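1. how does the following fold in three dimensions:
(chains A and B)
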Amino acid sequence: MKQSPLQSLDYSVLQQCMHCGMCLPTCPTYAETGREKNSPRGRISLMRAIADGELETTPNFAEEMSYCLGCLACTTACPAGVDYTNLLEHARAHVEQSGVVKTPRRDFVRWLTMKQLFMKPRLLRFAGRLLWLYQVTGLQSLARALRLTKLLPTSIRVAEPSTPTIQRRFSDSLIAKVETPSSAKTAKSASASASPSAQPFRRVLLLTGCVQDIAFSDINRATADVLLANNCEVHTPRAQSCCGSLHAHNGELDLAATLARRQLDAVDLSQFDAVISNAAGCGSHLKHYDRLLATDPAYAQRAAEWSRKLRDISEYLVEINFRHPQPPARTSTAVPNHPLNLLRSSIDGREKSPAPTVTPVTYHEACHLCHGQKISAQPRAILRAIPGIELRESAEPTWCCGSAGIYSITQPKTAGWLRDRKLNNLRATAAPIVAVANPGCSLHLQAGEAHSANPLQFIHPVVLLASAYAAETHP
Amino acid sequence: MLAELQQLLGPENVLTSREDLIPYAFDGTAALKQLPRAVVFPRDAAQISAILKLARAHRTPVITRGSGTGLSGGSVPVENALVLCVLKMDRILELDPRNLTLLAEPGVITQKIFETADAVGLFYPPDPGSMKISTIGGNVAENSGGLRGLKYGVTRDYVMGLEVVLADGSVCWLGNKCVKDVAGYNLRDLFIGSEGTLGIITKVLLKLLPKPAARQTLLATFSQMDAAAETVSAIIAAKIIPCTLEFLDRTTIACVEAYAKVGLPNDAEALLLIETDGHPAAAADEATRIEDLARSQGALQVRRARDAAESAQLALARRSAFSALARRKPTTILEDVTVPRSELAKMIRSVQHIAAKHTLDIAVFGHFGDGNLHPTILTDERNTAEMERVHHAIAEIVDAALALGGTITGEHGVGLAKKPFLKQQLGESSHALLKAIKHTLDPDALLNPGKIFD
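-> Numbers count the residues shown, from 1 in each chain, chains lettered A, B, ... in the order given. Have a look, this model is predicted:
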């Protein structure tokens, strides 16, 4: 019989945990219950008990693996260097293989999402298009007004307010297949100019993602813009597929490997200086292609090169010593798309007071950026470089907001508790804008602000940077 | 009994499922585990008293536990035991700035006690490496030490009073807020470091100090172990008592740097982390003299922390030493011997000799200033041949420490890990006296049985 994922895992990864307890104060679920089972050290002991044959794969175990947020705060706290990411992925794969939590409805949902929608980029975009129609035609508002959403199953109903607003145009129609710094001005929404003298020329591959592509294509456009402004030639392959993070984080390691191979087949890596990701959760997974395909002789080498070249956008910008945007010239009056300007005009309209010279912005650290990828200083460096922004730190910036992939759907109670805690910390800074580099966090937090009189705005740091470049006057 | 416990505490405070119990089968000690029968979370002394009466009626052993970070197996369950977890008793009951005391429940995290005192300009000095998560109750029960032991002593030196529940369920107050008190036997001290074998601590009255006005942190590196040891002797001989005088060997430096990334040098054989505190002028003067002494002993480099943030970062790096060593090998066995300070260099040479003799990877770090060393054996529990050699090495390390007039544990306690060596240190009659006291207070052997001695 085939060994289960937990039993085939290198045992020393399990042994690495010497139960010192340093992870406990950083774990949100342990903070909620105070029970060892709900802590990283407790979960690892359960995984080890299964690998040792001391514990059956029970629904209780499955539930515990699903209760973990996968926020990876424990990996930052762990002096012993336990690879918890790897352990959790194997444990969840083990649960799926064991079938202890199988129900026809769960099977259907997983089949529809992970095996259909997120394996077939065209199908996902088609679904995105339908959802867009539903939203722009007013049907969504109507359904919400008539409380038709009450007809939905509980888990979907709880998540419904977090449904992303679908963009009118997806990445492929916003970003050309190849954009070079000199052609940047011709690209429709890019007005930033490159300064070739300041930066050496680089060629990069831009990953547009799947959910990001249909719900946040503007972030992808902004990413291309800031790269162009830093003298990078941006290559954006058409109809990109899901990177597989959804699958790996939810116990479908084989599908994740299939998607990783597909990515590698689609590009000639040797052409590029770097591969750029701008979504924290995806980047955290994309960097592990080397581990995912380590035992596949046909792909291991390419996967290693991929992992070596994979960069989060903020990480890359700091690495290439990005150009700091100039303050907008006094003569240039309107940069209509600049989020800070939008905000200022709304304040002006209301209070008839002079526009503030600086806008406070706070930064929420997406778990898979700060814990998954250990990227924390770079987004702050970008925010500090933007004229007109004052970066204000919030309490517990590295504490999970409860979004955590599909967690807000599967564990709404804990997700809600964490969201309240996060929003309280963010509001305490009195900054109207929250910079956040992960689409999931943005959607989840935004939904929490739905009934607020003065809702916080959640903006990707790269969008703020692109706006600042756009606001410069050109010689 | 479980039904009675559920009625007493509420079902949410009685854990019995296998998945719930497995994570309570161990503490911070390597390779010791035993599944308990149930885990209970009481809220106060009255509930604990009731639990003990129930346990007595059902002849069920009770193991008290905080965060389970102990390093001698003190909170590892025994068969069929009830684990009594005090984490829900987590209130600071009183901060008394007029008497410089703080009254806390046992489940308060030690870091919180430090922060609460710090916020009003006071200071709780004991700082075990685990203070971010260990509980004050556990610290008192194990008489924990820490990085400031050299100048400020251990947990015992800051406990003015205790509330304990005895095995028969009676609740006793031992000690009070008086600085001077000589009424009767000093039973308070009997319970400090009793490792949960004599009673269950339900309140702790702590002594606080004024916060030192200034702190200076130095990092000195050496190409030879002896030079580091000589520097320590020279500092003490110069009548300087730093608050912290920590030592890391080459292996430990590498592992700590891999985790904390604070810029520790990887070319040094030994490193001293030295902290002096007090009046700003005194701290600065001491730091300068220490710097001179280190240089005159041939230090490769002496670096002074620029600010409080860098000091804190260096201390934090040192705190992670034990856990960081787990990066090297799957199993990390931490020893805890103390020798008189004059014998430190000899003790380290003995450890190196023992490592070579048994072909084992043994890292050494510890509190040089108070003679407390943590030789840490890096091994793999699945390698039975090597584990055999590990056991010989541990016995020889203990022998070497005792031969130098040392002790088998400086701050972790005896628990299960050091039980085999206790009689060797104490001698027959002292060992028998300990057992007699245990039998008097806990005649049915219900409280953490099998710990310290059989």
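2. so in chain A, where's the weakest helix or strand by average pLDDT?
-> Sorting the helices and strands of chain A by mean pLDDT, DSSP states H and E puts helix A:339-351 at the bottom, at a mean of 50.
3. what's the burial count for the residue lying closest to A:Tyr30 once chain neighbours are set aside?
-> Distances taken as C-beta to C-beta, 6 or more residues apart in numbering or on different chains place A:Ser39 nearest to A:Tyr30, at 3.9 Å, with adjacent residues excluded. The way it works is simple: take the backbone N, C-alpha and C, and place the C-beta from them, glycine included. Neighbours of A:Ser39 under the rule other C-beta atoms under 10 Å in any protein chain shown: 26.
4. just the strands in the stretch 301-450 of chain B please.
-> For the stretch 301-450 of chain B, applying DSSP state E, counting those that start in this stretch gives strands covering B:301-304, B:331-334, B:337-338, B:361-367, B:372-379.
5. tabulate those (JSON lines), appending distance to A:Asn454.
-> What follows is those, written out as JSON lines (distance: least, C-beta to C-beta, whole Å):
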{"stretch": "strand B:301-304", "distance to A:Asn454": "48"}
{"stretch": "strand B:331-334", "distance to A:Asn454": "52"}
{"stretch": "strand B:337-338", "distance to A:Asn454": "60"}
{"stretch": "strand B:361-367", "distance to A:Asn454": "53"}
{"stretch": "strand B:372-379", "distance to A:Asn454": "54"}
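6. now these as JSON lines including mean neighbour count and distance to B:Glu310?
-> Shown next, in JSON lines, are the strands of the stretch 301-450 of chain B (neighbours: other C-beta atoms under 10 Å in any protein chain shown; distance: least, C-beta to C-beta, whole Å):
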{"stretch": "strand B:301-304", "mean neighbour count": "17", "distance to B:Glu310": "9"}
{"stretch": "strand B:331-334", "mean neighbour count": "24", "distance to B:Glu310": "27"}
{"stretch": "strand B:337-338", "mean neighbour count": "26", "distance to B:Glu310": "29"}
{"stretch": "strand B:361-367", "mean neighbour count": "23", "distance to B:Glu310": "20"}
{"stretch": "strand B:372-379", "mean neighbour count": "25", "distance to B:Glu310": "24"}
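7. quick revisit: next structured bit after the least confident helix or strand of chain A?
-> The C-terminal neighbour of helix A:339-351 among helices and strands, as given by DSSP states H and E, is strand A:359-364.
8. ok, residues contacting that next one?
-> Outside strand A:359-364, the residues that touch it by C-beta atoms under 8 Å, 6 or more residues apart in numbering or on different chains are A:340, A:343-344, A:379-380, A:383, A:388-394, A:397, A:401, A:422, A:426, A:429-436, A:441, A:445, A:458, A:461, A:464.
9. so which helix or strand takes in B:Val204?
-> strand B:199-207.
10. which elements pack onto that strand?
-> Here strand B:199-207 touches helix B:45-57, strand B:62-65, strand B:101-104, helix B:136-142, strand B:159-166, strand B:171-175, going by 3 or more C-beta pairs under 8 Å, 6 or more residues apart in numbering or on different chains; DSSP states H and E.
11. check which helices and strands the fifth one is in contact with.
-> Which is strand B:159-166. Using 3+ C-beta pairs under 8 Å, 6+ apart as the test, strand B:159-166 ends up in contact with helix B:45-57, strand B:171-175, helix B:187-191, strand B:199-207.
12. tell me the centre residue of chain B?
-> The residue lying closest to the centre of chain B (C-alpha atoms, centre = their mean) is B:Ser144, at 3.5 Å.
13. if we can go back for a sec, quick one, the strand holding B:Val204 and strand B:159-166 angle?
-> Strand B:199-207 runs at 160 degrees relative to strand B:159-166, counting by axes from the mean of the first three to the mean of the last three C-alpha atoms, to 10 degrees.
14. give me the low-pLDDT residue ranges for the stretch 251-400 of chain A?
-> A:329-356 (pLDDT under 70).
15. of all the residues in it, which one is nearest chain B?
-> A:Lys374 (9.8 Å; C-beta to the nearest C-beta).
16. count the neighbours of residue 297 for me.
-> Here I'm looking at chain A. 8.
17. look at chain B instead
-> Residues near B:Gln297, counting by other C-beta under 10 Å: 20.
18. look up the closest residue to it, ignoring the ones flanking it.
-> B:Thr231 (4.3 Å).
19. tell me the SS of that neighbour?
-> Here B:Thr231 is helix, with the state taken from DSSP: H, G, I helix; E, B strand; the rest coil.
20. what sits against it?
-> Here B:Thr231 is in contact with B:220, B:222, B:272, B:293-294, B:297, B:299 (criterion: C-beta under 8 Å, 6+ apart).
21. let's see 7 Å
-> Residues near B:Thr231 by C-beta atoms under 7 Å, 6 or more residues apart in numbering or on different chains: B:220, B:272, B:293-294, B:297, B:299.
22. out of these, which sit inside helices?
-> B:293-294 (DSSP state H).
23. out of the contacts of B:Thr231, the closest to chain A would be?
-> Nearest to chain A among the contacts of B:Thr231 is B:Leu272, at 20.5 Å by C-beta to the nearest C-beta.
24. beta partners of the nearest residue to that closest one once chain neighbours are set aside?
-> Nearest in space to B:Leu272, with sequence neighbours left out and distances taken as C-beta to C-beta, 6+ apart, is B:Ala220 at 4.6 Å. Legend: beta-bridge partners of B:Ala220 under DSSP bridges are B:Leu272, B:Val302.
25. B:Ala220 touches B:Ala294, doesn't it?
-> Yes: using C-beta atoms under 7 Å, B:Ala220 is in contact with B:Ala294, at 4.2 Å.
26. which residues are in contact with each of the two?
-> Common neighbours of B:Ala220 and B:Ala294 are listed as B:231, B:302 (criterion: C-beta under 7 Å, 6+ apart).
27. what values do phi and psi take at B:Ile274?
-> As for B:Ile274, its main-chain torsions (degrees, to the nearest 10) stand at phi -120, psi 130.
28. let me see the contact set for it.
-> Here B:Ile274 is in contact with B:218, B:220, B:242, B:244-245, B:290 (C-beta under 7 Å, 6+ apart).
29. hmm, the lengthiest helix in chain B touching chain A?
-> Looking across chain B with DSSP H, the single longest helix is helix B:384-403. No: using C-beta under 7 Å from any C-beta of the partner chain, we find that helix B:384-403 stays clear of chain A, coming within 13.4 Å at best.
30. list the helices and strands the strand or helix carrying B:Leu84 packs on?
-> Counting by DSSP H and E, the element that carries B:Leu84 is strand B:82-85. Helices and strands touching strand B:82-85, as assessed by 3 or more C-beta pairs under 7 Å, 6 or more residues apart in numbering or on different chains; DSSP states H and E, comprise strand B:38-40, helix B:45-57, strand B:62-65.
31. got the buried residues for the helix or strand just after it?
-> Using DSSP H and E, the helix or strand that follows strand B:82-85 towards the C-terminus is strand B:92-96. Using 16 or more other C-beta atoms under 10 Å in any protein chain shown as the test for burial, strand B:92-96 gives B:92, B:95.
32. any idea how far strand B:92-96 is from the chain center?
-> 24 Å (C-alpha atoms, centre = their mean, to the nearest Å).
33. what lies in contact with it?
-> B:102-105, B:108, B:116, B:120.
34. circling back: skipping adjacent residues, who's closest to the residue of the stretch 251-400 of chain A closest to chain B in space?
-> A:Thr76 (7.3 Å).
35. using PDB, list the CA coordinates for whichever helix or strand the one you found is part of.
-> Assessed by DSSP H and E, A:Thr76 sits inside helix A:73-77. What follows is helix A:73-77 as a C-alpha-only set of coordinates in PDB (Å, rounded to 0.1, in the frame of the first residue of the first chain):
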ATOM      1  CA  ALA A  73       3.900  33.100  12.500                       C
ATOM      2  CA  CYS A  74       5.400  30.100  14.400                       C
ATOM      3  CA  THR A  75       8.100  29.700  11.700                       C
ATOM      4  CA  THR A  76       9.300  33.200  12.400                       C
ATOM      5  CA  ALA A  77       9.400  32.500  16.200                       C
END
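36. good, we can wrap up now.
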